[in-house]
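J.: quick one, what's the 3D model for this:
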Amino acid sequence: MKSTRAPFDVDHFRPKLGITVDGVKLVGHDEYYWLAYEWSNFRLSCQRCNRPEKDDADVLHGKANEFPIRNEAQRCALPAEYLNAESPRLLDPCMEADCELLAHGIDGEVKPAARNGTWEHQRARYTIDRLGFNEWNMPEDKRSRWQTLATLLAVVGDKANPAVTAEIKKYLSHDHEHTSFFRSAIGTHRDKAWVEALL
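T.: So this is what the prediction gives:
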C-alpha cells in the first residue's frame, strides 16, 4: 500500500508510554505497558495520523498518546482486566463496525455517518478531527483524482470498456490508499450494470 500523506508508522492503539485525554496527561494510570509487544495492539498508520503535527491553522493533529474512553471508571489498569469493558472514543480501523461510522463524501471529505448527538457520531467526529482526515489538502487531492475517473465513466457510458474497467479496479483494490472514498464515489454510477458488477 502507498500513501500520499506520509510514510507509515506502527502505532500502539492503546498507548504504551503515557496517556493523554484531549491533550491532558492522564495521571494515576501506568499506561498499557503490558500491550507494548502485543500484535493485537498494533495498527498500521501514516505518520500524520500517528505523530503530533500542526496544520496551516496551527491546529494539532495526530494520535500520539491520545486515548480517551467513554467512561474513565472503566479504564483497564492491569493486564488481567477486560479491555472490552472500555469504550474508546477513537475509532479502531481493525473493527469493521467502527469503519462504517465514517462516510466518504463525493467532495472528498470524511464525515460522521451516524446521527448527530450520538456516541457513534462523537467518536467519528473526534477521529476525523484528531487524525486530520480532512487536512493537508486531502479532500482536494481525492476530488481531483475522482474527476478523472468520473470523466472516464461518463465517456464510456453503459457499455463496459476493458481499459476503463481495469483502471477503475485499481481504485477499488484494498491496497489503494483511498479505497473507501473511491468505492463510494464510483457507487454513484451504479445505474450502469458493469459498474454495479465491479462493486
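J.: and the host helix or strand of residue 196, which residues are buried?
T.: Assessed by DSSP states H and E, residue 196 sits inside helix 193-198. By neighbour count, with 16 or more other CB atoms under 10 Å as the criterion, the buried positions of helix 193-198 are 194-195, 198. Backbone N, C-alpha and C define where each C-beta goes, glycine included.
J.: repeat that for stretch 173-193.
T.: In stretch 173-193, counting by 16+ other CB under 10 Å, buried: 176-182, 184-186, 189, 192.
J.: okay, now residue 155: neighbour count?
T.: Counted by other CB atoms under 10 Å, the residues lying close to residue 155 total 9.
J.: please report phi then psi for it.
T.: phi -70, psi -40 (degrees, to the nearest 10).
J.: quick revisit: what is the helix holding residue 196 packed up against?
T.: Under the contact criterion of 3 or more CB pairs under 8 Å, 6 or more residues apart in numbering; DSSP states H and E, helix 193-198 touches helix 162-172.
J.: quick one, whichever helix or strand comes after the helix it packs on and helix 162-172 angle?
T.: Counting by DSSP H and E, the element after helix 162-172 in chain order, helix or strand, is helix 179-186. On the basis of axes from the mean of the first three to the mean of the last three CA atoms, to 10 degrees, helix 179-186 is oriented at 140 degrees to helix 162-172.
J.: low-confidence ranges, this protein, go.
T.: Low-confidence segments of the chain, defined by pLDDT under 70: 1-6, 55-57.
J.: could you redo the last one with a cut-off of 80?
T.: Filtered on pLDDT under 80, the chain yields the residue ranges 1-7, 53-60.
J.: the protein: strands as residue ranges?
T.: 8-12, 20-21, 24-25, 42-46, 53-54, 60-61, 102-104, 110-112 (DSSP state E).
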